[in-house]
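Q: Please find the sequence and the predicted model below.
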Amino acid sequence: MSPFVGAIDQGTTSSRFVIVDAQGEFVAMAQKEHEQVLPRPGWVEHNPAAIFANTEAVIAEALGKAGIRASDLAGVGITNQRETTVVWDRETGKAVSNAIVWQDTRTADIAKSLSESFGTEAFRERTGLPPATYFAGPKVRWILDQYPDLYQRAVDGELAFGTIDSWLAWNLTGLHVTDVTNASRTMLMDLESLSWDSELCDAVGVPMAMLPEIVPSIGEIGACTGVLEGTALTTILGDQHAALVGQAAFGVGDTKVTYGTGAFLVANTGTEIVRSNTGLLTTVAYQVAGEQAKYALEGSVAIAGSAVQWLRDNIGIIDTAQEIEALAATVPDNGDVYFVPAFSGLFAPYWRSDARGVLVGLTRFTNKGHIARAVLEATAFQTRDVLEAMVADTHQELPELRVDGGMVANTLLMRFQADILGMDVVVPAVTETTVLGAAFGAGMAAGVWSGPDEVSLHWDEAVRYLPSMRGDVRAGYLRGWAKAVDRSFDWVEE
Ligand SMILES: Nc1ncnc2c1ncn2[C@@H]1O[C@H](COP(=O)(O)OP(=O)(O)OP(=O)(O)O)[C@@H](O)[C@H]1O
Ligand SMILES: [Mg+2]
């Protein structure tokens, strides 16, 4: 049995490939960024061909670094930015347009009319999701509406829809598949039966002939060709679901936050489908082939690390993301400045597509240090908002919070996060948990690890942040944040 597994992490900003050994250690990794196409305010696109080309390139590069061949991999997993939507021609394999990215808000009118016609509650009941610009279904509909013949071609089975996992799987195996976690983000899948719901497809306007086959997340999916010839695809997991697996959060109540482009709190609810009363999403956590699916509650925050990138790329007060920490440390506190990064409206727990970003509390005293701090603190406040919602839904206080993703390198933010939550914040030894989770899945399906118990042995705690803020100080911050959020509402007019 080969001791290596591979994992593709196709994210919002970059594509990575890692090779992991039987101890769960990274043997090699390669990464490549792709262009963010921003044609108008609120629109975000990716070029699907470029995404696949980058994926092939990082696979070849990492295999080269490790000095192994694809056939030395016991299995390969895909984890991916979720909801981002591609429609392609089955004959030519070419996408009919750029992919519409999860953050894109162009489908606001479609989401609104679905709320009114079919009903927000009906969608929540069947799919675990409220109609919102975030999800894939309305994005498919938008693409089909662009050209007169596309809808008919989709009905005739000439076109295929897929989220990024499907797009990669199609190009790597020739199969048109998606896994239950990605399918649970489309507004088209019934959460209980784990199959496409014809009424929902009808309501959203997505012909069923273009939908991929839904498969379990972890299990034999198909043989790979091309750059991965000689190995098999054995896992597909949406990025947040993979991070849950990568954190070895297999138990009921196990919860993690991943701070990347956005920030995503996910709590494992086991085989129970827990409905949220507080604006959280109900979603599939993962499914092992032949077993019942595990479900999760999720608090999705659209903008976290990407606000740091925005400071770097659009505002220019830092040259690298890392520099934000030093800049924020030039001031002792936020100077009563708050930043709400509602660039694509606000996701959980507010779901306000009419919100836009605000920077409030400015005085002649404010300097760029305060702004840097406000940008970092926004991620901690948003995380607190979704955690509170989670506690309200599950009636369970969390003992501690497991965190991962690029922003956990920022100690100022992690300290503030522990302070503003009043809770221990725990960073694992491997913070690249998304790609690690895909590797864990791929390795479990391929028999490298026997199952979750064995995988859990490869999870280690590295750093623990303890809260030290006084309660009255925290309360003051939370009042400031609540006022700032309120100021972001009602900005976009109908
Ligand atoms: N030291 C830092 N302080 C604050 N933010 C940081 C720091 N280092 C990285 N970031 C932010 O973290 C994000 C990168 O984290 P990560 O690589 O986990 O993102 P990601 O979500 O996996 O990316 P993708 O969206 O491509 O999947 C970037 O948005 C970056 O601005
Ligand atoms: Mg990621």
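A: Good, I have the coordinates. Ligands and ions are numbered 1, 2, ... in the order given.

Q: Just the pLDDT at the residue lying closest to Asp190 once chain neighbours are set aside, thanks.
A: Spatial nearest neighbour of Asp190, excluding adjacent residues (CB to CB, 6 or more residues apart in numbering): Asp197 at 4.4 Å. Placement of C-beta: from N, CA and C, glycine included. What the model reports as pLDDT for Asp197 is 97.

Q: next one: His458
A: The model's pLDDT for His458 equals 87.

Q: And for Ser276?
A: 88.

Q: how near is the closest residue to Gly345 other than its chain neighbours to ligand 1?
A: Nearest non-adjacent residue to Gly345, counting by CB to CB, 6+ apart: Ser353, 3.9 Å away. According to CB to the nearest ligand atom, to the nearest Å, Ser353 stands 21 Å off from ligand 1.

Q: Ser353: neighbouring residues, count only.
A: Ser353 has 22 neighbouring residues, counting by other CB atoms under 10 Å.

Q: Does Leu413 touch Val375 like I think?
A: No. Contact criterion CB atoms under 8 Å: Leu413 and Val375 do not qualify, at 9.8 Å.

Q: what residues are up against the closest residue in space to Val37 that isn't next to it in sequence?
A: Take Val37 and drop its neighbours on the chain: the residue closest to it by CB to CB, 6+ apart is Glu45, 4.0 Å away. Contact analysis of Glu45 by CB atoms under 8 Å, 6 or more residues apart in numbering lists 36-39, 98-101, 104.

Q: what secondary structure does whatever residue of the stretch 351-494 of the chain ends up closest to ligand 2 sit in?
A: Proximity of the stretch 351-494 of the chain to ligand 2 (CB to the ion) peaks at Thr434, 4.7 Å away. Three-state assignment for Thr434 (DSSP: H, G, I helix; E, B strand; the rest coil): helix.

Q: hang on, it packs against Ala242?
A: Yes. Thr434 lies in contact with Ala242 (CB under 8 Å); the separation is 4.9 Å.

Q: Please pick the buried ones from the contacts of Glu45.
A: Those of those that meet the buried threshold are 98-101, 104, by 16 or more other CB atoms under 10 Å.

Q: which regions of the chain sit below the pLDDT cut-off?
A: The chain contains residues with pLDDT under 70 at 1-2, 494.

Q: So which residues on it come close to ligand 1?
A: Applying CB under 6 Å from any ligand atom, one finds that the chain approaches ligand 1 through 11-14, 81, 239, 260-261, 305-306, 308-309, 321-322, 324-325, 405-407, 409-410, 434.

Q: Quick check: Phe347 vs Gly219, distance?
A: With distances taken as CB to CB, to the nearest Å, Phe347 is found 31 Å from Gly219.

Q: Between the two, tell me which one has more neighbours.
A: Higher neighbour count among Phe347 and Gly219: Phe347, with 29 against 21, using other CB under 10 Å.

Q: surely the more buried one meets Thr133?
A: No. Under the criterion of CB under 8 Å, Phe347 makes no contact with Thr133, lying 9.6 Å away.
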